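>>> Generate coordinates for the sequence data below:
(2 chains)
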Amino acid sequence: MRQAHAPDATHAGIGLRAPHYAEIARRKPRLAFLEVHSENFFGDGGPPLAWLERFRADYPLSLHGVGLSLGTADALDETHLAKLAALAQRFEPALVSEHLCWGAIGGRFANDLLPLPYTEPALARVIEQIGHAQDRLGRRILVENVSSYLEFEDSTIPEWEFLAETARASGCGILLDVNNIHVNAMNHGFDALRYLDAIPARAVEEIHLAGYEESGGLLIDTHGARVFPEVWRLYEAAIARFGARPTLVEWDTDIPELDVLLREASTATAILERADAPQHERIGA
Amino acid sequence: MASLARLQADFLAAVVDAANADRAPAIRAGSLGAAQRLAVYRRNLHANWRAALEDTHPVVARLVGGAFFGEAARLYALAHPSPSGDLNRFGEHFGAFLAEYPHAQDVPYLADVARLEWAWHACFHAATAMPLDFAALGAVPAERHGEIRFSLHPAARLVESVHPILAIWEANQPERDGTPDRFEGPDRVLVHRPDLDVEMQILDAPAFAFLRAVRDGQTFEAAAASAGFEDAQALGATLQRFVASRVIVAFAAP
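Predicted coordinates for the structure are as follows:
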């Protein structure tokens, strides 16, 4: 399958949401790529697909799935996978990603990103399912670390080792969500820099940034706020370690004016440009 | 695998419904209790489901208000577990649920308004279609016309109610104050997306019955008979109108 060029790693992209379609089509802001939730384009026709046809002419696309449930003990939903495969075939996205989590069991769907027990059997299961998905799609996918609000007693493997081993054994890439690392570091009490150190740089093909909320002693990954200063610092550490990577700012609840999102993307772009600059320019930056 | 399946089934049961909280797998509590941590997931799941229902049923949400809608959404999610990883499919049975929902009995039109909104949503995402092939239709001998089975555009739905559901729907669009232009039904509504915009229109009884029979796969002759048109001229004009407006887009010749 022909694939679009990889997004420009020195510019950030944004999550494309319906309230911004018309404005982006009109203004065509400079963005490395646009990312959509794959499932919102699973229909057979109509305005969503017509919009996506329009955007692909101007931007590399990234299909980001939220519903495949790679970590389920069930078989993968073949109907879901077939729709994703057809969508990827049609739009030739630069990136296709999913989450390192589960969201369905026994035919019941949670429509949420639920945490895995970090155990050897769960690891083996998710590696097997990613292999199946990659075979079915005929391409490599990226898998994203998720926010979580609890840890299972059964877990025996640190989350960062589970993620790194998933990528190594399945051959998938990593979509590293820096906000989610910060959220989990706070919720579960680990060192976020130690997490970064465990991730193989070559596997990281995209980075996500978003905002969270604090509620009842936990950080909740709401995608409903600006990126927090702590997360910007962690992002700078990640770029220093991994090099410039296509970076995406996500916003899903209380979606603001497009310009708010574009300013967040500009902040990420500035960090990427510094990382990309020749060494002598970086001195004193 | 057995243990992973068991953990996931127990976790989902405990998270979906607080009544099953005792099924939750062992959780590292830390500074917060396991119950509080589970409750975060419970809130997230139900908030996602509610938001999906509100996206597809904004008029129902406006008619009943936030508290009523939230509780109806919670009970709907328990009665009709989500069948897919695609949230766009979640609300399919909300109209049927509301028809039986005890607290909705004071709002008799609510279930039919929900069905109308779901028809709109289904049309929004349905396939596009080419107009009917007139040349091919012209090649069917006149004496076989009665045996033709027409078919509707994939983005066409029919919704019938004894209540004025289209007037209620229109009155509850964002720019309106909620007062319907009409207070009497019945409303027989054709929901249709010929190109990119979803349109809704009231049909008279014969036209509605005709399209319903076509939708259900009846022959042209049977559909015409069930519609009860006044004369052949009215039948011909109706067929022509729906072909021209791309409500009828295909046929199978005998």
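
>>> now the strands: where do they sit in chain B?
B:149-152, B:156-161, B:187-192, B:199-202, B:248-252 (DSSP state E).

>>> What residues sit buried inside the last one?
Buried residues in strand B:248-252, defined by neighbour count with 16 or more other Cβ atoms under 10 Å in any protein chain shown: B:I248, B:V249, B:A250, B:F251. The way it works is simple: take the backbone N, C-alpha and C, and place the C-beta from them, glycine included.

>>> I'd like to know which elements it is packed against.
strand B:149-152 (3 or more Cβ pairs under 8 Å, 6 or more residues apart in numbering or on different chains; DSSP states H and E).

>>> let's go with 10 Å and repeat that
helix B:134-138, strand B:149-152, helix B:205-215, helix B:232-244 (3 or more Cβ pairs under 10 Å, 6 or more residues apart in numbering or on different chains; DSSP states H and E).

>>> Please produce CSV containing these, extended by mean neighbour count.
Converted to CSV, the helices and strands packed on strand B:248-252 look like this (neighbours: other Cβ atoms under 10 Å in any protein chain shown):
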stretch, mean neighbour count
helix B:134-138, 10
strand B:149-152, 20
helix B:205-215, 21
helix B:232-244, 15
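
>>> Looking at the ones you listed, which is nearest to A:L70?
Closest to A:L70 of the helices and strands packed on strand B:248-252, according to Cβ to Cβ: strand B:149-152, at 38.1 Å.

>>> Run a quick neighbour tally on the closest residue to chain B within chain A.
Nearest to chain B in chain A, going by Cβ to the nearest Cβ, is A:G67, at a distance of 2.5 Å. For A:G67, the neighbour count with other Cβ atoms under 10 Å in any protein chain shown is 27.

>>> what kind of secondary structure is it in?
coil (DSSP: H, G, I helix; E, B strand; the rest coil).

>>> Who are the contact partners of it?
Contacts for A:G67 (Cβ atoms under 10 Å, 6 or more residues apart in numbering or on different chains) come out as A:37-39, A:42, A:77, A:80, A:83-84, A:98-99, A:103-104, A:109-113, B:82, B:84-88.

>>> Specify the residue ranges that define each domain of chain B.
B:1-107, B:112-254 (automatic domain parsing).

>>> show me what contacts B:V140?
B:E147, B:I148, B:F251, B:A253, B:P254.

>>> Likewise for A:D58?
Residues in contact with A:D58 (Cβ under 10 Å, 6+ apart) are A:I24, A:A25, A:K28, A:P29, A:L31, A:L34.

>>> Identify, from the residues you listed, the entry nearest to B:C123.
Among the contacts of A:D58, and counting by Cβ to Cβ, the member closest to B:C123 is A:A25, at 22.8 Å.

>>> For the closest one, grab the count of nearby residues.
A:A25: 13 surrounding residues under other Cβ under 10 Å.

>>> Surely it and A:W51 touch.
Yes - at 7.6 Å, A:A25 and A:W51 qualify as touching, with contact defined as Cβ atoms under 10 Å.

>>> And the residue of chain B closest to chain A?
B:G85 (2.5 Å).

>>> Show me what counts as buried in stretch A:186-193.
Residues of stretch A:186-193 classed as buried: A:M186, A:N187, A:H188, A:A192 (neighbour count, 16+ other Cβ under 10 Å).

>>> hang on, the earlier thing: pick out whichever of the contacts of B:V140 sits closest to B:V40.
Nearest to B:V40, judged by Cβ to Cβ, of the contacts of B:V140 is B:F251 at 54.7 Å.

>>> So which residues on the stretch 51-200 of chain B come close to chain A?
B:51-52, B:55, B:77, B:81-90, B:121-129, B:154-155, B:193, B:195-198 (Cβ under 10 Å from any Cβ of the partner chain).

>>> And A:D112, which helix or strand is it part of?
Here A:D112 is covered by strand A:108-114, with elements defined by DSSP states H and E.

>>> Okay, A:D77 and A:R108: tell me how far apart.
Distance, A:D77 to A:R108, by Cβ to Cβ, to the nearest Å: 12 Å.

>>> quick one: low-confidence parts of chain A?
Counting by pLDDT under 70, chain A contains low-confidence residues at A:1-5, A:276-285.

>>> Name all residues that make contact with the residue most central in space within chain B.
Closest to where the C-alpha atoms of chain B average out (Cα atoms, centre = their mean) is B:W118, at 2.4 Å. B:W118 sits next to B:T56, B:H57, B:V60, B:G91, B:E92, B:H93, B:F94, B:G95, B:A96, B:R157, B:V159, B:V191 when contact means Cβ under 10 Å, 6+ apart.

>>> buried subset of those residues?
For the contacts of B:W118, buried by 16+ other Cβ under 10 Å: B:T56, B:H57, B:V60, B:G91, B:E92, B:F94, B:G95, B:A96, B:R157, B:V159, B:V191.

>>> so how far is B:Q105 from A:A244?
Counting by Cβ to Cβ, the gap from A:A244 to B:Q105 is 60 Å.

>>> Which of those two has more residues huddled nearby?
Counted by other Cβ under 10 Å, A:A244 and B:Q105 do not tie: A:A244 has more neighbours, with 19 against 12.
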